[in-house]
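Engineer: just a sequence and a predicted model for now, questions to come.
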Amino acid sequence: MNDIRKIAFIGAGNMTQSIVGGMCKSGYPADHVFVSNPSPEKLEKMKSNLGVNTSQDNIEVIEQADVIVLSVKPQLMEQVCADIKSKVSNLADKLIITIAAGIRMPKYRTYLGDDITIIRVMPNTPSLVGQGMSGLVTDSADDKDKAYVTDVFDGVGDTLWVADEDQLDILGAVAGSGPAYFFEFMDSLAKGATELGFDPEKARAMVQQTCLGAAQMAKESDLTLEDLRKQVTSKGGSTAKGVEVYQQRDLHNISADAVKAAVKRNQEMADLF
Ligand SMILES: NC(=O)C1=CN([C@@H]2O[C@H](COP(=O)(O)OP(=O)(O)OC[C@H]3O[C@@H](n4cnc5c(N)ncnc54)[C@H](O)[C@@H]3O)[C@@H](O)[C@H]2O)C=CC1
Ligand SMILES: O=C(O)[C@@H]1CCC=N1
């Protein structure tokens with residue numbers, strides 16, 4: 001990547017740690033990364049592990065950066081933006097990225113000014129290991145800003161530009177929340193094995209490699225997911241019996257309902273915050 005800008009993350013929580021950890025691993029210069037958080041513990045960890053610049057003062061990091069990444073909980077966004085707006089005069093000169101779920105771009109204009117350039121990104125925590133999936137949408141960024149943000153998030157995984165914020169809500173409900181669904185599923189598979197007497201550590205090792213292998217295979221294959229499943233499911237064999245249980249309990253509907261519930265919450269958060 002040749003467009004390296006000074007980038008300030010507001011909030012040093014789980015998602016910032018994943019993105020910044022992944023960025024530094026992928027070669028983004030740590031001296032161009034700034035992170036702020038009210039409490040010092042997470043900052044100290046990031047400073048000593050990654051060498052990034054840190055401060056307990058949001059305004060101090062914003063003043064040093066060309067790009068601001070808003071990475072606080074949606075509930076705190078209005079308050080955090082109000083403070084920034086009252087203290088930073090040249091916000092229109094900086095590129096604003098927000099990773100918060102739900103809150104829509106017009107709302108940020110009421111918080112930060114009509115003239116801001118903003119890109120919404122919906123990342124996920126596997127960004128930490130370079131395997132993130134980030135959705136992006138903008139109503140105001142030019143091609144140069146879009147290319148910069150695409151490069152940053154391509155550095156920590158895959159990126160997907162979507163047409164509008166409704167699409168981003170769906171992407172967030174699948175890719176943003178998805179790691180949680182998979183950890184839940186992996187945990188349940190491992191517990192299925194340990195309940196039958198399998199060693200818990202070995203169960204985890206077997207589950208994680210199976211999921212990784214299946215995902216890698218899906219990624220590299222031209223076959224449909226249904227055909228990949230059929231390849232494993234020998235007629236009259238053991239897999240057929242296992243798959244039958246998922247189908248009887250209607251895994252498809254369970255997952256569809258989970259996605260709908262998460263989308264609904266994204267829409268609620270758009271109204272609330
Ligand atoms: N965790 C995830 O998997 C994903 C999270 N997101 C979004 O990322 C955002 C952050 O989420 P997490 O990192 O999970 O939350 P988190 O709670 O782990 O981190 C938020 C951080 O903001 C800090 N903070 C609180 N008040 C602040 C203030 N006034 N100024 C600066 N920092 C302040 C907190 O101390 C905390 O460290 C949320 O808006 C969420 O919707 C988006 C995609 C995935
Ligand atoms: O749970 C949340 O609201 C955020 C958005 C996607 C993942 N975590």
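Structural biologist: Right, received. Where do you want to start? All of these numbers come straight from a predicted model, not from anything done at the bench. Numbering: from 1, shown residues only. Ligands and ions are numbered 1, 2, ... in the order given.
Engineer: need the contact list for the closest residue to Trp161 other than its chain neighbours.
Structural biologist: Excluding its sequence neighbours, the residue lying closest to Trp161 (C-beta to C-beta, 6 or more residues apart in numbering) is Leu136, at 5.1 Å. C-beta coordinates here come from the backbone N, C-alpha and C atoms, glycine included. Contacts for Leu136 (C-beta atoms under 8 Å, 6 or more residues apart in numbering) come out as 119-122, 146, 149-150, 153, 159-162.
Engineer: mind giving me a markdown table with the residues you listed and columns for secondary structure?
Structural biologist: Formatted as a markdown table, the contacts of Leu136 follow (DSSP: H, G, I helix; E, B strand; the rest coil):
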| residue | secondary structure |
| --- | --- |
| Ile119 | strand |
| Arg120 | strand |
| Val121 | strand |
| Met122 | strand |
| Lys146 | helix |
| Val149 | helix |
| Thr150 | helix |
| Phe153 | helix |
| Thr159 | strand |
| Leu160 | strand |
| Trp161 | strand |
| Val162 | coil |
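Engineer: tally of neighbours for Met269?
Structural biologist: By other C-beta atoms under 10 Å, 19 other residues sit near Met269.
Engineer: may I have the phi/psi pair for it?
Structural biologist: Backbone dihedrals for Met269, given as degrees, to the nearest 10, come out at phi -70, psi -30.
Engineer: so which helix or strand takes in the residue lying closest to it once chain neighbours are set aside?
Structural biologist: In this structure, Met269 finds its nearest non-sequential neighbour in Gly102, 2.8 Å apart by C-beta to C-beta, 6+ apart. For Gly102, there is no host helix or strand (DSSP states H and E).
Engineer: doesn't Gln75 make contact with Gly102?
Structural biologist: No - counting by C-beta atoms under 8 Å, Gly102 does not reach Gln75; the two are 10.1 Å apart.
Engineer: so which of the contacts of Leu136 reach ligand 1?
Structural biologist: Restricting the contacts of Leu136 to those touching ligand 1 (C-beta under 6 Å from any ligand atom) yields Met122.
Engineer: good, we can wrap up now.
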